[in-house]
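Q: Can you look at this prediction? I've put the sequence above it.
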Amino acid sequence: MNDSTPVLHAQTLVKAYEEGNNELEVLKGVDLTVHKGDILAIIGASGSGKSTLLNLLGGLDHATRGSVSIAGTSVASLNDRETGRLRNRYLGFVYQFHHLLPEFTALENVAMPLLIRGEKPADCQARAAAILERVGLGPRLKHKPSALSGGERQRVAIARALVTEPALVMADEPTGNLDERTAAQVQALMIELNENLGTAFMIVTHDREFASRCPQQYELHDGLLRRL
């Protein structure tokens, strides 16, 4: 992927569900392009379809109509295994709940995506340690999730998303489960990582103050995405 190729491109994206004899459209023709180094926020009321949109953009679900391309490759042209490889190469994901594996240490959790790629265990651990250091968790490598605070767990989740050096991290309410002070710290971390690493971030959030700190802001309303 060269620098001029969008990391992600969605065109006239529609998601509809059957409701009796009718078709209920949750998304009604969404267009969005994300380039390397972008940081954008998507806001919208609860139930507006933000998570549905993120799942479609991340290749985790299929659109009813329209197209999604990741790094210039159409998701519709791939089978599930190929889509998984494309995601693993170009995308990272962070959710409201950290989804860390409780039996593994922070280091092991972060190394997991690299191990899934089939890389050498020693290399995986070295890269995981480096990114955990980068997010301020160097002294906590050997701690399991139960021994970490909520903010630390979310930092581990962000490190796990970044360890594969993705072009884009997609974050779904990444601070929604944190107290105000910790949320502010995690938000600042994501903005700092975007600026210093050049990783693009797409952040779905209900926090308008957080969204206002992102150079690009969108609102999902009545199935349509508009730039604010």
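A: Sure, I can see it. The shown structure was predicted, so the numbers you read here are calculated from the model rather than taken from an experiment.
Q: ok, G59 to Y95 distance?
A: 16 Å (C-beta to C-beta, to the nearest Å). No exception for glycine: its C-beta is placed from N, CA and C like everyone else's.
Q: Which one of the two is surrounded by more residues?
A: Between G59 and Y95, counted using other C-beta atoms under 10 Å, G59 has the larger neighbour count: 22 against 19.
Q: and for stretch 153-162, what are the contacting residues?
A: The list of residues contacting stretch 153-162 from outside it, by C-beta atoms under 8 Å, 6 or more residues apart in numbering, reads 92-95, 98-100, 106, 109-110, 112-113, 128, 131-132, 134-137, 145, 148, 169, 171, 174-175, 177-178, 182, 186, 189-190, 193, 197, 199.
Q: Can you report how many residues neighbour Y17?
A: Residues contacting Y17 under the criterion other C-beta under 10 Å number 11.
Q: Is the nearest residue to it once chain neighbours are set aside in a helix, a strand, or coil?
A: Closest residue to Y17 apart from its sequence neighbours, by C-beta to C-beta, 6 or more residues apart in numbering: L24 at 5.0 Å. Under DSSP: H, G, I helix; E, B strand; the rest coil, L24 falls in the strand class.
Q: what's the burial count for L24?
A: Summarising burial for L24: neighbours were counted as other C-beta under 10 Å, giving 11.
Q: residues contacting it?
A: Contacts of L24 by C-beta under 8 Å, 6+ apart are 16-18.
Q: pLDDT at it, what is it?
A: On pLDDT, L24 comes in at 86.
Q: Spatially, what comes nearest to L189 if we skip its sequence neighbours?
A: Here the residue nearest L189, using C-beta to C-beta, 6+ apart, is V135, at 6.3 Å.
Q: tell me which element Q217 is part of?
A: strand 216-221 (DSSP states H and E).
Q: Revised request: answer the last question for R226.
A: strand 224-227.
Q: What residues of that strand count as buried?
A: L225 (16 or more other C-beta atoms under 10 Å).
Q: cool, stretch 25-41 as well?
A: 25-27, 30, 32, 34, 36-41.
Q: Strands - which of those residues land there?
A: 25-27, 30, 32, 34, 39-41 (DSSP state E).
Q: if I pick L193, what's in contact with it?
A: So L193 contacts 134-135, 158, 162, 199, 201 (C-beta under 8 Å, 6+ apart).
Q: I misspoke; the intended subject was E219.
A: Going by C-beta under 8 Å, 6+ apart, E219 touches 42-44, 225-226, 228.
Q: switch to 7 Å and redo it
A: Counting by C-beta atoms under 7 Å, 6 or more residues apart in numbering, E219 touches 43-44, 226, 228.
Q: Most neighbours among those residues, please name it.
A: Neighbour count (other C-beta under 10 Å) singles out I43 as the most crowded of the contacts of E219, with 22 neighbours.
Q: beta partners of the nearest residue to S48 once chain neighbours are set aside?
A: Leaving aside its sequence neighbours, S48 sits nearest to L220 (C-beta to C-beta, 6+ apart; 4.9 Å). Taking DSSP bridges as the rule, L220 bridges to L225.
Q: Three-state assignment for V156, please.
A: Assignment for V156 (three-state DSSP): helix.
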